[in-house]
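Novice: Provided below for reference: sequence and predicted model.
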Amino acid sequence: MIKRFIVFSLLGLLVYACAKVAVTGRQQLSLVSNAEIIPMANQQYDSVVKTANLSKNQQQVAMVKSVGSRIQRAVEQYMAEHNASSELQGFQWEYNLIEDPKTVNAWCMPGGKVAFYTGIMPICKDEAGVAVVMGHEVAHAVANHARERMSQGLVANGLLGTLGAALGQNPTLTKELFFQAVGVGAQVGMLKFSRQHESEADKIGLIFMAMAGYDPHEAPRFWERMQSQGDGAAPPEWLSTHPSHSSRIKDLNEAIPEAMKYYKK
Ligand SMILES: [Zn+2]
């Protein structure tokens, strides 16, 4: 009897606990809600931006903000067309460029708040290059990769059976898993996504950039520039081993025909 109860509970949890990733349709584990995650993300973002030295390069700042708005509109359009606008509930988009020439990085918090570091701008080179990075980072957020990591963290903590805790009624644990998933303080955006999340963000980002009016062929070009730069300056998210730049470039080239269907449509 107890065994049967446990089986039913687990089945119920698994049905409840699955979400579908936008664009790819992959099923992912989802034991926490964006309503819980986004306020923590916004708070974390505000503390980073408040203490950061924001770029005074008006031209680059304007470029990051305008590319961000175009990608945002593409995401909103895509979700509306696929009857999934509710997935964006609670998103409060924001784009900032942080003055830090040594940091070759950018990230997007769950809920749409984006930070670029000036160190990535020379590799972006131009607006289309910014769109490659913006599309990729926003894709991590839209695909709820941090939420999936937190959910996997709950399972790893052996809480699959402890429904109360697993469904977010344990704020301390939820917060801890959030920090594990996105980083804390100076470590925000410095964590490695899994190879699966990277490939998925590449693929989804390509479609968002195409819908925003940027040629997807710029994505492999961006990664070629990153490759010629070497690993010295790159934080984990961009290290060549993860996945290697060449396998990334190959996968992007294979995904371009699909993305081109969305380009200048
Ligand atoms: Zn990534």
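Specialist: Right, received. Where do you want to start?

Novice: Residue 115 - how many residues pack around it?
Specialist: Each residue near residue 115 was counted by other C-beta atoms under 10 Å, and the total is 25. The C-beta positions use only the backbone N, C-alpha and C, and glycine is treated the same way.

Novice: How about residues contacting the helix or strand where it lies?
Specialist: Applying DSSP states H and E as the criterion places residue 115 in strand 113-117. Applying C-beta atoms under 8 Å, 6 or more residues apart in numbering, the contact partners of strand 113-117 are 41-42, 45, 48-49, 52, 64, 68, 92-98, 100, 103-108, 130, 133-134, 137-138, 188-189.

Novice: same thing with stretch 31-45?
Specialist: In contact with stretch 31-45 (C-beta under 8 Å, 6+ apart) are residues 17, 89-92, 94, 109-111, 113, 115, 144, 146-147, 150-151, 154-155, 166-168, 174-175, 177-178, 182, 184, 188.

Novice: just to revisit the earlier point, list buried members of the contacts of strand 113-117 by neighbour count.
Specialist: Neighbour counting by 16 or more other C-beta atoms under 10 Å classes 41-42, 45, 48, 64, 68, 93-98, 100, 103-108, 130, 133-134, 137-138, 188-189 among the contacts of strand 113-117 as buried.

Novice: the helices in the stretch 151-265 of the chain, which residues?
Specialist: 163-164, 171-182, 195-211, 218-229, 245-260 (DSSP state H, counting those that start in this stretch).

Novice: interface residues of the chain facing the ion?
Specialist: 198, 201 (C-beta under 5 Å from the ion).

Novice: helices and strands of the chain: which one has the lowest mean pLDDT?
Specialist: For the chain, using mean pLDDT, DSSP states H and E, the weakest element among its helices and strands is helix 163-164, scoring a mean of 50.

Novice: where are the low-confidence patches of the stretch 1-150 of the chain?
Specialist: 1-16 (pLDDT under 70).

Novice: can you give me the strands in it?
Specialist: 18-20, 27-29, 94-98, 106-108, 113-117 (DSSP state E, counting those that start in this stretch).

Novice: Got a quick ChimeraX command for the buried subset of the contacts of stretch 31-45?
Specialist: Of the contacts of stretch 31-45, the buried ones can be selected in ChimeraX as follows, counting by 16+ other C-beta under 10 Å:
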select :17,90,91,94,109,110,111,113,115,144,146,147,150,151,154,166,167,168,174,177,178,182,184,188
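
Novice: tell me the contacts of residue 91?
Specialist: Residues counted as contacts of residue 91 (C-beta under 8 Å, 6+ apart) are 38, 111-112.

Novice: What is the neighbour count of residue 224?
Specialist: Around residue 224 there are 13 residues (other C-beta under 10 Å).

Novice: And it, what's its pLDDT?
Specialist: With respect to pLDDT, residue 224 scores 91.

Novice: One more: residue 232?
Specialist: 58.

Novice: centre of the chain versus stretch 30-40, how much separation?
Specialist: In this view, stretch 30-40 has its centroid 14 Å away from the chain centroid, taken as C-alpha atoms, centre = their mean, to the nearest Å.

Novice: I'd like the numbering to begin with 117 instead of 1 from here.
Specialist: Let's use 117 as the start, then, which means that last one is stretch 146-156.

Novice: Which residue is the nearest non-sequential neighbour of residue 271?
Specialist: Nearest residue to residue 271, sequence neighbours excluded (C-beta to C-beta, 6 or more residues apart in numbering): residue 145, at 7.1 Å.

Novice: show me the contacts for the one you found.
Specialist: 133-135, 264, 267-268, 271.

Novice: just residue 248 next, same as before
Specialist: 240, 321, 325, 330, 334-335, 338.

Novice: Repeat the analysis, applying 10 Å as the threshold.
Specialist: Counting by C-beta atoms under 10 Å, 6 or more residues apart in numbering, residue 248 touches 183, 239-241, 318, 321-322, 325, 330-332, 334-339, 341-342, 368.

Novice: Then residue 136?
Specialist: Listed by C-beta under 10 Å, 6+ apart, the contact partners of residue 136 are 142-144, 146, 200, 203, 260.
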